[in-house]
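> need coordinates for the following:
(chains A, B, C and D)
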Protein chains: 2
Amino acid sequence: MPTKIPPHAIFRALANEARVRVVRELSGGGEKCVCDLVAACGLGWSTVSRHLSVLKAAGVIADEKRGLQVFYRLTLPCVTNFIQCLEKPSRYPDFQKSACCR
Amino acid sequence: MPTKIPPHAIFRALANEARVRVVRELSGGGEKCVCDLVAACGLGWSTVSRHLSVLKAAGVIADEKRGLQVFYRLTLPCVTNFIQCLEKPSRYPDFQKSACCR
DNA sequence: TGACTATTTCGCATTATTGCGAAATATTGA
DNA sequence: TCAATATTTCGCAATAATGCGAAATAGTCA
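Numbers count the residues shown, from 1 in each chain, chains lettered A, B, ... in the order given. Just a heads-up that it's a prediction; the model follows:
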């Protein structure tokens, strides 16, 4: 059982456009190899690899090596839900009336 | 209507222990003055004030001045839900079996 | 074994974040 | 108007994050 990672550390792991893009790519439960994620991010391999290690250290994703390739998958599906909530058009209502994430 | 703030910017706003603490203090829909939040964070006034401006710029909280004091409230309740999810003990299961945020 | 492929690690330069204290701003009440 | 209170803004120093390319590592296959 991994050590408990505090919420702000999870947020920190997600506080980057490329890392959110990785989460998006993995949303739905599928796996992607690093090559796919590099293509999706539009950044260098070494950069994406480090982003992946940040997400993995935070417990957001997990990896599995098969042959030459490493495949990543999402381990924290609620992140997907939350991102979807953040993208609803009705995102800025008053607390009382909010339909966001409910 | 404020400009749409991308998810990673929301995550960035929450990527700090003090700012998450502020969100916690405001969870439930109540208001708090800056003095309360300074006490809750255990940091200097100027530091907390800047944290509040970061959260406000991200659309996570809103402020209202009444008399000498400024009161803050949460505008994005799904953040509370997400934090609660992150704190569930069953946070690190496999994607398939996860009960997190469901 | 040796070449090839996929990925990670390292070191660097640039930029962003964090916390502080001092100073500025705004509101209230004598 | 003047002083007191509540909060924000500013400038600074220290630390962290970001992206890159080069080099290292690991697995596959001839």
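> the closest residue to A:Gly28 other than its chain neighbours: neighbour count?
Once flanking residues are discounted, A:Gly28 sits nearest to A:Thr80: 7.8 Å by Cβ to Cβ, 6 or more residues apart in numbering or on different chains. (C-beta placed from N, C-alpha, C; glycine too.) A:Thr80 has 18 neighbours, counted by other Cβ atoms under 10 Å in any protein chain shown.
> same thing with A:Phe82?
Neighbour tally, A:Phe82, other Cβ under 10 Å: 25.
> then A:Gly42?
The number of residues near A:Gly42, taken as other Cβ under 10 Å, comes to 10.
> and if you look at A:Cys33?
Neighbours of A:Cys33 (other Cβ under 10 Å): 16.
> surely it is in contact with A:Leu68?
No: at 9.2 Å, A:Cys33 and A:Leu68 do not qualify as touching, with contact defined as Cβ atoms under 8 Å.
> that older thread, the residue nearest to A:Gly28 is in contact with A:Val23, isn't it?
Yes: contact criterion Cβ under 8 Å: A:Thr80 and A:Val23 qualify, at 6.9 Å.
> ok, back up a step: give me the phi and psi for the residue nearest to A:Gly28.
When read as degrees, to the nearest 10, the backbone of A:Thr80 gives phi -60, psi -50.
> list the contacts of it.
A:Val23, A:Arg24, A:Ser27, A:Gly28, A:Leu74 (Cβ atoms under 8 Å, 6 or more residues apart in numbering or on different chains).
> out of the residues you listed, who's the most crowded?
Compared across the contacts of A:Thr80, A:Leu74 has the highest neighbour count, 25 neighbours, by other Cβ under 10 Å.
> which non-adjacent residue is nearest A:Cys35?
A:Cys35 sits nearest to A:Gln69 (Cβ to Cβ, 6+ apart), 7.3 Å away.
> which one of the contacts of A:Thr80 is nearest A:Gly42?
A:Arg24 (13.4 Å; Cβ to Cβ).
> flag the least confident of the contacts of A:Thr80.
pLDDT across those is lowest for A:Gly28, at 92.
> please report how far it lies from DNA strand C.
19 Å (Cβ to the nearest atom of the strand, to the nearest Å).
> understood, closing this out.
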